[in-house]
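Asker: Provided below for reference: sequence and predicted model.
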Amino acid sequence: MIDQEAPVTRAIVIHPVSRDVQDRSSARLEEAAGLAEALDLEVIEAMVTPLRKIEAGRYFGRGKVEDLGVLIHECDANVAVIDANLSPVQQRNLETDWKVKVIDRTGLILEIFGRRAQTKEGVLQVELARLAYERSRLVRTWTHLERQRGGGGVMSGPGETQIETDRRLLADKMAKLRRQLDEVRRTRSLHRSKRQDVPYPTVALVGYTNTGKSTLFNRLTGAKVLAKDMPFATLDPTVRGIKLPKGTQILLSDTVGFITELPTELIAAFRATLEEVREADVLVHVVDASDPDRDGRIRDVEEVLDALEAGPSHDQATIEAWNKLDALTADERVKVDAVIAARGDSLQARNRLLISALKASGLEVLTSAVETALTADHELLNLAISPQDGRAVAWLHRHGEALQEETDPETGILRGKFKLTEIDMGRFRSEFPSLANQLPELPDPDEY
């Protein structure tokens with residue numbers, strides 16, 4: 001982790017890559033440099049370096065370590081950012097050889113999360129993840145760990161070593177944080193259950209970090225969530241209610257952005273927050289259409305969704321909103337249109353839309369697509385409702401979707417087509433038994 005008191009400003013960013021896997025190396029290097037800059041580090045050199053195999057002691061081979069050491073000192077850098085996950089031993093040995101502070105990918109992301117967290121839950125989650133990361137690095141962090149503390153009494157043994165004491169203190173602190181997080185999670189669970197009691201479906205915005213989720217959220221809800229051109233500008237989920245074009249009331253949630261190889265410590269710590277994603281009725285996967293590594297980013301997000309047991313592979317309705325349409329050149333727009341057109345009339349093609357949250361372009365099509373996805377499994381009802389059952393019409397408008405309505409001026413009977421979910425149809429049957437004979441017959445229980 002970065003010592004905030006030390007004047008660490010000049011950094012060299014190194015992205016190691018296997019010789020046979022270099023298809024995304026430039027995008028990964030650019031991302032790593034962006035993460036370093038998000039910590040106010042001055043990136044004076046960013047480079048991709050080939051890696052034949054990972055060495056247990058220093059990650060790189062001896063010759064590569066020496067070459068990189070020469071480059072680091074020629075650049076007068078005092079921080080080396082390695083875009084890979086290093087073991088404590090590898091990190092310690094590189095710092096010893098290079099005489100500079102070494103930060104790996106996990107440490108870099110944890111530091112950014114630490115700066116961005118605002119709410120109590122966010123701070124607790126990041127602190128727990130940081131302690132889990134640092135626990136294995138005690139031997140690197142302090143030089144007094146071999147000292148022993150004496151036991152009490154004449155016959156006592158030599159006592160525990162300092163590293164044992166520090167590990168025990170860390171374990172105690174982590175246990176305390178987990179208890180505090182459990183309280184926060186219980187509160188969040190209560191809030192979620194209250195929202196579930198209200199008959200409003202939920203829609204969650206997900207996507208790679210810095211794709212414009214918060215900008216889209218602000219456009220749709222009128223909220224003022226922080227939206228900046230930086231990684232992980234928003235960590236804490238925000239929920240707002242909005243009304244869709246046909247009147248459907250929904251709860252829209254903005255969630256933390258994903259990233260390639262999101263540290264497992266963070267996935268575990270943020271699992272409660274990310275439950276908003278798994279519980280959503282529809283996911284809107286926001287994609288940066290102008291990103292050269294767009295397809296790779298999409299795969300990265302889908303992998304994180306799989307880890308959360310969410311997304312299209314888990315039968316969760318998902319819409320891809322290809323954002324930043326305003327940033328595309330004319331040639332890039334033609335290529336993007338071709339990608340979507342190539343999929344024809346498939347379901348995935350219908351659920352892939354081009355938008356610009358910044359320019360508020362295509363948002364009507366997006367909200368209509370969300371409404372369609374929410375009602376995809378609804379059943380179509382043809383009802384004739386007499387004037388004395390007017391309360392049923394209001395109920396249908398509140399819980400379902402009215403596709404067509406026509407009132408007979410002589411009898412006052414309303415004939416209409418309505419869409420309801422299977423659950424709401426059961427509620428309607430119970431609430432208005434006089435109209436139950438017009439509903440589809442219930443399945444025969446002997447068939448199950």
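Answerer: That came through, no problem. Numbering: from 1, shown residues only.

Asker: How about residue 421: what's its closest non-neighbour residue?
Answerer: Among residues not flanking residue 421 along the chain, residue 378 sits closest, at 5.5 Å (Cβ to Cβ, 6 or more residues apart in numbering). For the C-beta atoms, the positions are set from N, CA and C on the backbone; glycine is no exception.

Asker: my bad, residue 76
Answerer: Once flanking residues are discounted, residue 76 sits nearest to residue 10: 6.3 Å by Cβ to Cβ, 6+ apart.

Asker: list the contacts for the one you found?
Answerer: When contacts are counted by Cβ atoms under 8 Å, 6 or more residues apart in numbering, residue 10 touches 41, 42, 44, 75, 76, 77, 78, 79.

Asker: Number of residues surrounding the first one?
Answerer: This means residue 41. 23 (other Cβ atoms under 10 Å).

Asker: do the same with the second one
Answerer: The local packing of residue 42 (other Cβ under 10 Å) involves 12 other residues.

Asker: Likewise for the third one?
Answerer: Counted with other Cβ under 10 Å, the burial measure for residue 44 works out to 15 neighbours.

Asker: element containing residue 320, please.
Answerer: When secondary structure is defined by DSSP states H and E, residue 320 falls within strand 317-323.

Asker: roughly how far out does that strand sit from the chain middle?
Answerer: Relative to its parent chain, strand 317-323 has a centroid offset of 14 Å by Cα atoms, centre = their mean, to the nearest Å.

Asker: Give me the mean pLDDT for it.
Answerer: The average pLDDT within strand 317-323 is 92.

Asker: for stretch 257-265, same thing?
Answerer: pLDDT averaged over stretch 257-265 gives 74.

Asker: With stretch 26-44 instead?
Answerer: pLDDT averaged over stretch 26-44 gives 88.

Asker: again, but for stretch 164-176
Answerer: Mean per-residue pLDDT for stretch 164-176: 78.

Asker: Now do the strands in the stretch 251-400 of the chain.
Answerer: Along the stretch 251-400 of the chain, the stretches classed as strands by DSSP state E, counting those that start in this stretch are 282-288, 317-323, 352-354, 379-385.

Asker: Name every sheet partner of the first one and say whether each one runs parallel or antiparallel.
Answerer: This points to strand 282-288. Strands that pair with strand 282-288, judged by DSSP bridges, come out as strand 202-207 (parallel), strand 317-323 (parallel).

Asker: what bridges to the residue nearest to residue 79 when sequence neighbours are not counted?
Answerer: For residue 79, ignoring the flanking residues on the chain, the nearest one in space by Cβ to Cβ, 6+ apart is residue 11 at 4.1 Å. According to DSSP bridges, the partner residues bridging residue 11 are residue 43, residue 79.

Asker: so residue 11 touches residue 44, yeah?
Answerer: Yes. Contact criterion Cβ atoms under 8 Å: residue 11 and residue 44 qualify, at 6.9 Å.

Asker: Overlap of the contact sets of these two?
Answerer: In terms of Cβ under 8 Å, 6+ apart, residue 11 and residue 44 are both contacted by the residues residue 77.

Asker: tally of neighbours for the residue nearest to residue 79?
Answerer: Number of residues near residue 11 (other Cβ under 10 Å) recorded here: 27.

Asker: Over to residue 370?
Answerer: Count around residue 370 with other Cβ under 10 Å applied: 27.

Asker: Next one: it from residue 217, what distance?
Answerer: Distance of residue 370 to residue 217, computed by Cβ to Cβ, to the nearest Å: 13 Å.

Asker: re the thing from before, could you tell me the least trusted of the strands of the stretch 251-400 of the chain?
Answerer: Comparing mean pLDDT across the strands of the stretch 251-400 of the chain, the weakest is strand 379-385, with a mean of 83.

Asker: tell me which strands and helices it is in contact with?
Answerer: Counting contacts by 3 or more Cβ pairs under 8 Å, 6 or more residues apart in numbering; DSSP states H and E, strand 379-385 is packed against helix 390-399, strand 414-420, helix 422-431.

Asker: Pick the most deeply packed of those.
Answerer: Across the helices and strands packed on strand 379-385, averaging neighbours per residue (mean count of other Cβ atoms under 10 Å) puts strand 414-420 on top, at a mean of 19.

Asker: outside of it, which residues touch it?
Answerer: Strand 414-420 has contacts (Cβ under 8 Å, 6+ apart) with 375, 378-385, 393, 396, 399-408, 428.

Asker: The stretch 101-250 of the chain: helices as residue ranges?
Answerer: Ranges of helices within the stretch 101-250 of the chain are 105-116, 120-135, 138-141, 162-197, 213-221, based on DSSP state H, counting those that start in this stretch.

Asker: Format the CA atom coordinates belonging to the last one as PDB.
Answerer: Put plainly, it is helix 213-221. C-alpha atoms of helix 213-221 as PDB (Å, rounded to 0.1, in the frame of the first residue of the first chain):
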ATOM      1  CA  LYS A 213     -23.200   4.400 -15.600                       C
ATOM      2  CA  SER A 214     -23.600   7.300 -13.100                       C
ATOM      3  CA  THR A 215     -24.100   9.800 -16.000                       C
ATOM      4  CA  LEU A 216     -26.900   7.500 -17.300                       C
ATOM      5  CA  PHE A 217     -28.300   7.100 -13.800                       C
ATOM      6  CA  ASN A 218     -28.400  10.900 -13.400                       C
ATOM      7  CA  ARG A 219     -30.100  11.400 -16.800                       C
ATOM      8  CA  LEU A 220     -32.800   8.900 -16.000                       C
ATOM      9  CA  THR A 221     -33.500   9.900 -12.400                       C
END
